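A.B. asks: A predicted structure for the sequence below; I have some questions about it.
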Amino acid sequence: MKHVLRLSMADFRAEQLAAADDDDHFSEVLVRTVLEEYTAPGDRVLDPFAGFGTTLAVSEALGRVAVGVELLPERVEIIRGRVGPGSTVLEGDARKLDALSLDPFDLCLTSPPYMPREHHPWNPLTGYTTLDAQYDVYLDQLREVFAAVARVLRPGGHVAVNAANMRYQDAVTPLAWDMARVISEVSSLEFRGETYLEWDDPPAWLQGDYCLVFRKRYDP
């Protein structure tokens, strides 16, 4: 991928589903760019944090076979309304990916729910429904999620993660860099680089937006 991908906030807002929160969905341009770089028609794509289903919808449009895992049942229904029978939507917890007995994938493309390091008790990995969040625990659990992803990724397959550094209550969390670190700690995944997502009108909280790319080793 290019070192910089320029994105339009107006286009992003135009894509946004009515049910989506302000920033809680993928850019279709980013999804298309990643798919065209790292997959071919017929390849299998996994999104373990499926959200509102943009990865699945764009994958299907490009002739890929997509599987999404989403925790919140109301979002599962939204995704199923966006995709056809060629895509699979599973209601489940990404932290329990091993229990789903998934077939191998060529690409994992996802954006985990974000969490600032301070002043934020709502747990992203429970859909922000519980007040038990701890930043270090959150990162540890993300490492385990991507370890499970690696187990269902074909050797030479890629993981692409959209993650941002963010400002919350005047404190900056280097979330993208922390995610790069913990995913790189999965022994079978090697960090291959990042693409900077250059928004023309970024929101005030966004300190830097990235697509982080990893590849599964052929000999883990």
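C.D. replies: Right, received. Where do you want to start? If you're wondering where the values come from, they're calculated on a predicted model, not measured in any experiment. Numbering: from 1, shown residues only.

A.B. asks: Toward the C-terminus from the biggest strand by length in the chain, list the very next helix or strand.
C.D. replies: Determined from DSSP state E, the single longest strand within the chain is strand 153-168. The C-terminal neighbour of strand 153-168 among helices and strands, as given by DSSP states H and E, is strand 171-173.

A.B. asks: who are the neighbours of that next one, in terms of helices and strands?
C.D. replies: Contacts defined by 3 or more Cβ pairs under 8 Å, 6 or more residues apart in numbering; DSSP states H and E place strand 171-173 against strand 153-168. Yep, even glycine has a C-beta here, placed from its N, CA and C like the rest.

A.B. asks: Show me what the longest strand of the chain is packed up against.
C.D. replies: So strand 153-168, by 3+ Cβ pairs under 8 Å, 6+ apart, packs with helix 28-38, strand 105-110, helix 135-151, strand 171-173, helix 175-184, strand 189-199, strand 206-216.

A.B. asks: Please spell out which residues along that strand are buried.
C.D. replies: Buried residues in strand 153-168, counting neighbours by 16 or more other Cβ atoms under 10 Å, are found at 153, 157-166, 168.

A.B. asks: ok, now stretch 65-73?
C.D. replies: Under the neighbour-count criterion of 16+ other Cβ under 10 Å, stretch 65-73 has 65-72 buried.

A.B. asks: Would you double-check that Leu97 falls in a strand?
C.D. replies: No. Assessed with DSSP: H, G, I helix; E, B strand; the rest coil, Leu97 is helix; it does not lie in a strand.

A.B. asks: before we move on, back to that, relative to strand 189-199, how tilted is the longest strand of the chain?
C.D. replies: Put simply, strand 153-168 runs at 40 degrees to strand 189-199, going by axes from the mean of the first three to the mean of the last three Cα atoms, to 10 degrees.

A.B. asks: Within the sheet, what are the partner strands of strand 153-168, with directions?
C.D. replies: Strand 153-168 pairs in its sheet with strand 105-110 (parallel), strand 171-173 (antiparallel), strand 206-216 (antiparallel), by DSSP bridges.

A.B. asks: Single out the most deeply packed of these.
C.D. replies: Ranked by mean neighbour count, the strands paired with strand 153-168 are led by strand 105-110 with a mean of 25 (mean count of other Cβ atoms under 10 Å).

A.B. asks: which residues sit against it?
C.D. replies: 31, 34-35, 38-39, 43-50, 55, 59, 67, 146, 149, 152-154, 157-162 (Cβ atoms under 8 Å, 6 or more residues apart in numbering).

A.B. asks: I'd like the distance from it to the chain centre, please.
C.D. replies: When C-alpha coordinates are averaged (Cα atoms, centre = their mean, to the nearest Å), strand 105-110 and its chain have centres 9 Å apart.

A.B. asks: try stretch 136-154
C.D. replies: 12 Å.

A.B. asks: Next: stretch 113-126.
C.D. replies: Relative to its chain's centre, stretch 113-126 lies at 16 Å (Cα atoms, centre = their mean).
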